[in-house]
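A.B. asks: sequence first, then the predicted structure, then my questions.
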Amino acid sequence: MKVIGYFLLFFVLAMILIVLAIILGDAAPWYFAWIIGTGLLILTSAAAGFLFDTQEEKAKGMPQ
């Protein structure tokens, strides 16, 4: 029963995405690139912040 539920969920999600792609037409690749780029920017910023904190802790001689 759980597998059928997942199948139906992903089927509905696929249908929504197909309809959205049809509506957006030529602009769809631009929106896709924008979403991927924004996510990559957020992940890169988070990684940079983590590395900065780690470098500060090492410079102060704090245990990890």
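C.D. replies: Yes, it's here. Numbers count the residues shown, from 1 in each chain.

A.B. asks: closest to the centroid, which residue in the chain?
C.D. replies: Computing the C-alpha centroid of the chain and ranking residues by Cα atoms, centre = their mean puts Gly39 first, at 4.8 Å.

A.B. asks: check which helices and strands the helix or strand that it is a member of sits against.
C.D. replies: Here Gly39, judged by DSSP states H and E, is contained in helix 28-60. Applying 3 or more Cβ pairs under 8 Å, 6 or more residues apart in numbering; DSSP states H and E, we find helix 28-60 packed against helix 2-24. From N, CA and C alone the C-beta is placed, and that goes for glycine too.

A.B. asks: gap between the helix it packs on and the chain center?
C.D. replies: Relative to its chain's centre, helix 2-24 lies at 18 Å (Cα atoms, centre = their mean, to the nearest Å).

A.B. asks: now the angle between helix 28-60 and it, please.
C.D. replies: 110 degrees (axes from the mean of the first three to the mean of the last three Cα atoms, to 10 degrees).

A.B. asks: contacts for helix 2-24, please.
C.D. replies: For helix 2-24, the external contacting residues (Cβ atoms under 8 Å, 6 or more residues apart in numbering) are Ala28, Tyr31.
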